[in-house]
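1. Here's a sequence, model it:
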Amino acid sequence: MNITDFELAVEEKILARGIKYFADDTVADLWEQSPNHYCAVVEGSIRYDVEIYIGTDGEILHHCCDCPYDWGEFCKHEVAVLLAIRKHLEQATVLKQQGHKQGLRSLLSAKSKDDLVNLLYELAIDYDLRKDVVFRLVNYEE
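-> A predicted model of the protein is given here:
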């Protein structure tokens with residue numbers, strides 16, 4: 001099954017719960033461990049770790065969650081993470097298409113200061129660049 005239509009393989013009740021988890025932003029952290037290998041933290045009744053491998057063609061090759069659910073192929077945490085991954089991939093595609101039309105400087109210039117601060121902060125966290133960013137900000141000369 002594919003990231004574009006995985007919902008077809010998910011029990012209706014679990015799909016609804018996963019969609020709610022995704023909508024409620026319970027996917028607290030999502031990162032690409034290596035190409036097409038995603039890891040996530042989902043804040044449910046407790047913290048759950050989810051791991052998803054996706055092929056270059058979008059096929060879901062492997063998925064696992066450390067929750068105790070074993071009634072079907074996917075749990076609600078995996079559904080929420082798959083939705084988050086799909087959103088991430090869709091946004092990356094749009095940005096890539098826009099990036100070909102516009103340069104990075106022009107894309108950044110169109111954003112508000114708050115958006116840029118949030119983006120920089122997220123990138124610093126995601127790529128463990130906090131110390132580097134702080135160092136450069138402290139030593140930055142205009």
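2. Please enumerate the strands of this protein.
-> For the chain, the strands defined by DSSP state E occupy 27-34, 37-43, 47-54, 60-65.
3. The shortest one: partners in the sheet, and parallel or antiparallel?
-> Just to be clear, that refers to strand 60-65. When pairing is defined by DSSP bridges, strand 60-65 lines up against strand 47-54 (antiparallel).
4. and the partner strand, what's its mean pLDDT?
-> Averaged over strand 47-54, pLDDT sits at 97.
5. Wait, residue 83 touches residue 20, no?
-> No. Between residue 83 and residue 20 there is no contact, the gap being 10.5 Å when judged by Cβ atoms under 8 Å. Using the backbone N, CA and C atoms, a C-beta is placed for each residue, glycine as well.
6. neighbour-wise, which of these two wins?
-> Neighbours per residue, other Cβ atoms under 10 Å: of residue 83 and residue 20, the larger number sits with residue 83, 20 against 13.
7. ok, longest helix in this protein?
-> As assigned by DSSP state H, the longest helix anywhere in the chain is helix 76-101.
8. the inter-axis angle of that one versus strand 37-43?
-> For helix 76-101 against strand 37-43, the angle by axes from the mean of the first three to the mean of the last three Cα atoms, to 10 degrees is 120 degrees.
9. And helix 76-101, what does it pack against?
-> On a contact count with 3 or more Cβ pairs under 8 Å, 6 or more residues apart in numbering; DSSP states H and E, helix 76-101 meets helix 12-23, strand 27-34, strand 37-43, strand 47-54, strand 60-65, helix 104-109.
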